[in-house]
Structure formats: structure tokens, C-alpha cells
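**Q** Here is a sequence together with a model predicted from it:
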Amino acid sequence: MLPFASTSCQTCQAGTYSVGGQIYSNWTVGSLGDFSTDCTGANCQLWNVTNTFYMASGNSSGKTNTLSNLRLRAQFNAPTGNTISFVYQVDGEYCRAFFCDGLAFYIDDNQVFLMSQMLTWSTVTFSVTPGLHYFRWTYIKDYSIDYGLDAAWIQSIMLVGTRAVEQSCTSCPPGYINTADGSSNCSA
């Protein structure tokens, strides 16, 4: 963090964080906030906020050839060190030779991530150049077999470099913690 009227950064103490960006978590049921959602295919499901405050792709079981998109647009201002991270789970049909069902992630319409099954919370991080970027999480359901829940969930999304350096550290939200000084996030 960079305290007001200071020219040197100070380290945030354990239990607090400063990312110079944004963290999306604990969404409000019925509200997408800065996000938009759309889908294609018969009886497709829009992304929504679950009663556990995660973002969910909806259950695609029993459906065929559907895409469910979650979209976010963000301006990255830092000259270096810009990243986007998200914590996710996915339960889709895995195929060895080709992709069947699962979660895809796109930066500016370029696919950078694809996963069919990850039944524990996992985090992925991608570097982002300065400027305006479009992010899309897509749950893809093919034409064949139903497997598992045929859905994806996002627990949190962290953007680093989207706003000016913070003047103070932010306390970890209830249920989240960090134990190291200088943290840029809190975990469950």
C-alpha cells in the first residue's frame, strides 16, 4: 500500500491485503454486478449466483450443444505485473482424444484455459498487458453423454493492476485469512 502523502510503499500486515486491483467474491444472490451472462443452445442455462455465493454456470445435464458465458471487461493501468486469477471447480465429461464438456477461459476472445474436471477448488493465474481487456468464462456442453453435474463454479476472481495503488490495507473478508505480511489476497 502507499499511504496518503507518502512516496514509499508499506507492507500490509497479516490478515490484510492490498492488490492495486479488485477481488470479486461472495456475490449477492440475484445480482451479477460488473458481469454479464448469455448462452446459446436449446434450454441453455445462464451463469448465476448460488446460495453459497459462488458464480455457477448452471446445470447443463440433459442438454446438448450449449454454451453458457460469463463476461467481464476491465481496464489494467499498471505498466507491468497485471494479472487475472480465479478459483474454480468444474465437473464435466472428460475425453482423452478431444474436449467434450467443461470450462474454457478467454482473454480478448483467445482461449487460454480449458478444463473438464477439477473437483477441488483450484486457482489459475494469467498475465495481462496494460489496457482494456475482455474476459469470458464459458461452460461448454457437447452433444453426447451427461457426466457428473455438467457445471462449473467460480469462487473468486482477482484482478491485479486495475486501479491505482491503495492508500490503506483491506481486512480479509469473514471466513478468509492470510498469515503473511505483504499479501495480495486472502484464502478460505
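**A** Right, received. Where do you want to start? These figures come from a predicted structure and were not determined experimentally. Numbering: from 1, shown residues only.

**Q** what's the next secondary structure element after the one helix or strand residue 84 maps to?
**A** Using DSSP states H and E, residue 84 sits in strand 83-91. As assigned by DSSP H and E, the chain's next helix or strand after strand 83-91 is strand 102-107.

**Q** Okay, now the sheet partners of that following strand, with direction.
**A** strand 110-115 (antiparallel), strand 131-141 (antiparallel) (DSSP bridges).

**Q** hey, C-alpha coordinates of it in PDB?
**A** The C-alpha trace of strand 102-107 is given here as PDB (Å, rounded to 0.1, in the frame of the first residue of the first chain):
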ATOM      1  CA  GLY A 102     -16.000 -28.300 -19.400                       C
ATOM      2  CA  LEU A 103     -14.900 -24.800 -18.500                       C
ATOM      3  CA  ALA A 104     -13.000 -22.600 -21.000                       C
ATOM      4  CA  PHE A 105     -11.500 -19.200 -20.300                       C
ATOM      5  CA  TYR A 106     -10.800 -16.500 -22.900                       C
ATOM      6  CA  ILE A 107      -8.800 -13.200 -22.800                       C
END
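
**Q** Okay, the nearest residue to residue 35 once chain neighbours are set aside and residue 32: tell me how far apart.
**A** Leaving aside its sequence neighbours, residue 35 sits nearest to residue 72 (C-beta to C-beta, 6 or more residues apart in numbering; 5.3 Å). From N, CA and C alone the C-beta is placed, and that goes for glycine too. To residue 32, residue 72 is 10 Å away according to C-beta to C-beta, to the nearest Å.

**Q** Same question for residue 100.
**A** Separation of residue 100 from residue 32 (C-beta to C-beta): 27 Å.

**Q** Could you tell me the per-residue confidence at the closest residue to residue 91 other than its chain neighbours?
**A** Leaving aside its chain neighbours, residue 91 sits nearest to residue 148 (3.7 Å; criterion: C-beta to C-beta, 6+ apart). Residue 148 is assigned 74 on the pLDDT scale.

**Q** burial measure for residue 148, as a count.
**A** 15 (other C-beta atoms under 10 Å).

**Q** Then residue 85?
**A** 18.

**Q** State the helix or strand in which the residue nearest to residue 91 lies.
**A** Following DSSP H and E, there is no helix or strand that holds residue 148.

**Q** which ones are touching it?
**A** By C-beta atoms under 8 Å, 6 or more residues apart in numbering, residue 148 lies in contact with 91, 92, 93, 117.
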